[in-house]
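K.L.:
3D, please:
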Amino acid sequence: MDNRNLRGLTMATVNPVLIKGTSLSYTTSVTSAGMINGKWVTALTAQTNAAVPTTDAVTGLAFPSLTDNQATVIVVGQNAAGEIKAAQGSIESTAVGVTTTAGAFIVAPQFPTLPANFIVFGYMLARTAPSAADWKFGTDTWAATGVTTTQFVPCAVLPMRPQTT
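P.N.:
Coordinates of the predicted model:
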């Protein structure tokens, strides 16, 4: 085997089973493990209803809001120090929904360019309906009226594009 292909690998080596917790939180049921550029990261022990990040790991700013009939993707992972982080992808228009029901994807949102100090645990998709108030990851509840969020899709590395179905 040619070990040169494994140099500089960045990936999670354990699925921490990331799920939405209550309101503005997440839960993991397994201690994380992974590597960033071939170096092991500090493990993040299992979390129960821990607060989601309120700032984007890419920009360092609060996450941008979704307005009516929009969709985005949120990638959640950790840095080398074992801190949970999240990054928001592009915001795309959706088909116009019906009152509190979010419309279908027209174009799937694109993943963000992640910082070098980041391993992925999973991602989620969020969409807003015509009647939804502005929605912001890390600030507004999962169950806000007119907002549809998926459970986290677990992954060791990101797929080529978010899977919308």
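K.L.:
can we go C-alpha only for contacts and neighbour counts from here?
P.N.:
Noted.
K.L.:
just say helix, strand or coil for Asp140.
P.N.:
With DSSP: H, G, I helix; E, B strand; the rest coil as the basis, Asp140 sits in coil.
K.L.:
so what's it up against?
P.N.:
Contacts for Asp140 were tallied using Cα atoms under 8 Å, 6 or more residues apart in numbering; they are 23-24.
K.L.:
and the nearest residue to Lys136 once chain neighbours are set aside, how many neighbours?
P.N.:
Distances taken as Cα to Cα, 6 or more residues apart in numbering put Ser65 closest to Lys136, at 4.4 Å, once the chain neighbours are dropped. Residues lying near Ser65 (other Cα atoms under 10 Å) number 16.
K.L.:
give the contact list for Ser65.
P.N.:
Taking Cα under 8 Å, 6+ apart, we find Ser65 in contact with 134-137.
K.L.:
swap in Phe118?
P.N.:
So Phe118 contacts 36, 77-80, 85 (Cα under 8 Å, 6+ apart).
K.L.:
quick check: bridge partners of Lys20?
P.N.:
Here Lys20 sits in beta bridges with Tyr26, going by DSSP bridges.
K.L.:
equivalent analysis for Val120, please.
P.N.:
Val120 has the following beta-bridge partners by DSSP bridges: Gly77.
K.L.:
neighbours around it, how many?
P.N.:
Val120: 25 surrounding residues under other Cα under 10 Å.
K.L.:
surely it meets Phe152?
P.N.:
No: Val120 lies out of contact with Phe152 (Cα atoms under 8 Å); the separation is 11.2 Å.
K.L.:
could I get the full set of strands for the chain?
P.N.:
11-12, 19-20, 25-27, 34-36, 39-40, 50-51, 70-78, 84-88, 92-93, 119-128, 147-149, 153-154 (DSSP state E).
K.L.:
check the offset of the longest one from the chain's centre.
P.N.:
In this case it means strand 119-128. Remark: strand 119-128 is offset 3 Å from the chain centroid, using Cα atoms, centre = their mean, to the nearest Å.
K.L.:
just checking, what packs against it?
P.N.:
Applying 3 or more Cα pairs under 8 Å, 6 or more residues apart in numbering; DSSP states H and E, we find strand 119-128 packed against strand 11-12, strand 34-36, strand 70-78, strand 147-149, strand 153-154.
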